[in-house]
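>>> starting from these lines, generate the structure:
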Amino acid sequence: MGGVWKSLRGHSGAWLAVAVTPDGSRIASGGADQAVRVWDLAKSEKLAIYRSHAAPVLAVEFLKDGTRLVSAAADGARGLARPGRR
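Take a look at the predicted model:
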């Protein structure tokens, strides 16, 4: 496996979940800080922060078309976001 690793910073606690869009252009993360973050991988740029959860985010997943992102938190709450593209 080859490639370049990039450093993406933003969560104030541990990263607990990670997902990549089907086309590989964006990454989403869920964290112990109860937030979901979305980055543009090519630019290492943060595109969005969602703070709708009241518990650590344990799962994130992009839907097949890559336009919607679902998340689930430790308290059983679920979320749906539509992160825009720049």
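
>>> pLDDT wise, what is the closest residue to A35 other than its chain neighbours at?
Leaving aside its chain neighbours, A35 sits nearest to R51 (5.2 Å; criterion: CB to CB, 6 or more residues apart in numbering). The C-beta positions use only the backbone N, C-alpha and C, and glycine is treated the same way. pLDDT for R51: 92.

>>> for S25, what are its contacts?
40-42, 66, 85 (CB atoms under 8 Å, 6 or more residues apart in numbering).

>>> among those, which ones are buried?
G66 (16 or more other CB atoms under 10 Å).

>>> and which of the contacts of S25 is nearest I27?
L41 (5.7 Å; CB to CB).

>>> distance of the closest one relative to A19?
12 Å (CB to CB, to the nearest Å).

>>> any shared contact partners between the two?
I27.

>>> the residue nearest the centre of the chain pairs with what?
A centroid search over the chain (CA atoms, centre = their mean) returns A28, at 1.9 Å, as the residue closest to the centre. Beta-bridge partners recorded for A28 (DSSP bridges): A19, V38.

>>> ditto for F62
Counting by DSSP bridges, the residues bridging with F62 are L69.

>>> tell me the pLDDT of it.
95.

>>> ok, now which ones touch it?
Here F62 is in contact with 19-22, 26, 28, 68-69 (CB under 8 Å, 6+ apart).

>>> follow-up on the earlier one: sort the contacts of S25 by pLDDT and name the bottom one.
Ranking the contacts of S25 by pLDDT, R85 lands last with 48.

>>> farthest-separated two in the contacts of F62?
V20 and R68 (14.3 Å).

>>> remind me which residues of this structure are low pLDDT?
Low-confidence segments of the chain (pLDDT under 70): 1-8, 11, 84-86.

>>> tell me where the protein has strands.
Assigned by DSSP state E, the chain shows strands spanning 15-20, 26-31, 36-40, 45-50, 57-62, 69-73, 78-81.
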